[in-house]
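Asker: Let me see the structure of the following:
(one chain, ligands or ions: 2)
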Amino acid sequence: MTLAPAPQARHKDAMTERLTLRRPDDWHLHLRDGAMLAAVLPHTARQFARAVVMPNLVPPVTTVAAARAYAARIGAALPGDLRFTPLMTCYLTDGVDPAELERGWSERVFAAAKLYPAHATTNSAHGVTDVARIYPVLETMARLGMPLLVHGEVTDPAVDVFDREAVFIERVLAPLLRAVPGLKVVFEHVTTADAVAFVRATPEHLGATITAHHLVINRNALFQGGLRPHAYCLPVAKRERHRLALRQAAVSGDPRFFLGTDSAPHAARDKEAACGCAGIFSAPAALETYAAVFDQEGALDRFEAFTSRHGPAFYGLPVNSETVTLVREAWTVPETIPAAGGHLVPFHAGERLAWRLAEA
Ligand code: DOR
Ligand code: ZN
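Answerer: Ligands and ions are numbered 1, 2, ... in the order given. This next block holds a predicted model:
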């Protein structure tokens, strides 16, 4: 990675003005389907070489054939001037067939499998009702070296929404890691200091993705001057001390933490509703948002590791050979983005960001 100071700057701590790094990957992304897919895909493909594509479509992606067909639709929706590789995932259900998982893995269709606790979030009704029921499947995955991606929240209505991730660690994740040693697990979109501490304390096989928005907002954002549906996602943003723990983890250089936007578009009309959908559409300014965080933390020298190296290392994939360049040049994120006959409201809508991705 090259950190280029302004040409006239001479002293050592001169402000970095241009940042060239290996093209990053997004290790957690919702692309949807049909017209919505066509609208959102270019925003991701402009920045990222690959993305782990979530399988929570309706119906969910549970077979090799469905994943192949979805990958083909993603390929068909990609504008001709962009190169992008989707890494497909299998949605785990109580009835998942381990043979199907193994076939998808050996045919290089599935890069990972996703565990949604049933009813934890958007389109998770077919998720797993009790993780212990699929331990035999997880053992197959451990043997194959296939990563398990977990949405880490309990669904017990008696547990406070803001505690569901921390409780998931003790009730589900820790027992799972003990029951299936050697299973590669990604604790997706971590939102708490508890999750950061747990990942740090677990020696092997456990990584975590961190979203751009959880590095920027805490739970106050949901209520700033009124109810803010575009700041609502799951896991929901937590207290400030948790946001600070996430920022520390992201910039620490610890290879267990890597980039996963969890960009999750929903039409504005579905979010601005009496029962608004969970999901923050961060793709249009994702890399720029992460860059601002690393810049604010004085950690631009560790930016490329988080965006472009830790993820491939965890998944056992090569790093990308191409590069992207960010420039310190203010720009304003659009208020809305037209999509599928309606519009989307992106993260940071109407706000100015300090970093901009230079066009290739
Ligand atoms: O906020 C979220 N939106 N969290 C999820 O886990 C799912 C996602 C979606 O698909 O909209
Ligand atoms: Zn997600």
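
Asker: Might one say that V161 is in contact with V236?
Answerer: Yes - using CB atoms under 8 Å, V161 makes contact with V236 at a distance of 6.0 Å. Where C-beta positions appear, they are placed from N, C-alpha and C, glycine not excepted.

Asker: For those two, indicate the residue with more neighbours.
Answerer: The neighbour comparison of V161 against V236 (other CB atoms under 10 Å) goes to V236, with 17 against 12.

Asker: Could you name the specific helix or strand carrying the more buried one?
Answerer: Under DSSP states H and E, no helix or strand contains V236.

Asker: What's the per-residue pLDDT of it here?
Answerer: V236 carries a pLDDT value of 98.

Asker: Tell me who's in contact with it.
Answerer: 161-162, 191, 219, 222, 278 (CB atoms under 8 Å, 6 or more residues apart in numbering).

Asker: What is the nearest of the residues you listed to ligand 1?
Answerer: Using CB to the nearest ligand atom, A278 comes nearest to ligand 1 of the contacts of V236, at 3.6 Å.

Asker: Please name the nearest non-neighbouring residue to that closest one.
Answerer: L234 (4.3 Å; CB to CB, 6 or more residues apart in numbering).

Asker: Can you name the residues of the protein sitting close to ligand 1?
Answerer: Neighbours of ligand 1 within the chain, by CB under 6 Å from any ligand atom: 30, 56, 121-122, 151, 233-234, 264, 278-279.

Asker: Now T129. Nearest residue, chain neighbours left out?
Answerer: Using CB to CB, 6+ apart, the nearest residue to T129 is A118, at 4.8 Å.

Asker: ok, so what distance separates the one you found from F347?
Answerer: To F347, A118 is 28 Å away according to CB to CB, to the nearest Å.

Asker: Also F110?
Answerer: From F110 to F347 the distance is 29 Å (CB to CB).

Asker: and the two? which has more neighbours close in?
Answerer: Higher neighbour count among F110 and F347: F110, with 27 against 24, using other CB under 10 Å.

Asker: Let me know the pLDDT of that one.
Answerer: 98.

Asker: How about it: which residues does it bridge to?
Answerer: M88 (DSSP bridges).

Asker: Now do the strands in the protein.
Answerer: 2-5, 16-22, 26-29, 50-53, 85-91, 110-115, 148-150, 185-187, 206-210, 257-259, 323-332, 337-339, 342-344, 352-357 (DSSP state E).

Asker: How about residues contacting the fifth one?
Answerer: Yep, that's strand 85-91 we're talking about. 31, 49-56, 60-63, 67-68, 70-71, 74-75, 96, 100-101, 104, 109-114, 116, 126-127, 149, 315.

Asker: residues touching the closest residue in space to A291 that isn't next to it in sequence, list them.
Answerer: Nearest residue to A291, sequence neighbours excluded (CB to CB, 6+ apart): W355, at 4.2 Å. Contact analysis of W355 by CB under 8 Å, 6+ apart lists 19, 288, 291-292, 295, 326-329.

Asker: Among these, name the buried ones.
Answerer: Using 16 or more other CB atoms under 10 Å as the burial test, the contacts of W355 include 19, 288, 291-292, 295, 326-328 as buried.

Asker: Compute the number of surrounding residues for the nearest residue to W27 once chain neighbours are set aside.
Answerer: Leaving aside its sequence neighbours, W27 sits nearest to G260 (CB to CB, 6+ apart; 4.1 Å). Residue crowding around G260 was assessed by other CB under 10 Å; the count is 25.

Asker: circling back: would a markdown table of the contacts of V236 with pLDDT be doable?
Answerer: Listed next are the contacts of V236 as a markdown table, based on pLDDT from 0 to 100:
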| residue | pLDDT |
| --- | --- |
| V161 | 98 |
| F162 | 98 |
| T191 | 99 |
| R219 | 98 |
| L222 | 98 |
| A278 | 98 |
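
Asker: And those residues, which is closest to F168?
Answerer: T191 (10.9 Å; CB to CB).

Asker: so what's that closest one up against?
Answerer: Contacts of T191 by CB under 8 Å, 6+ apart are 165, 214, 235-238, 242, 246.
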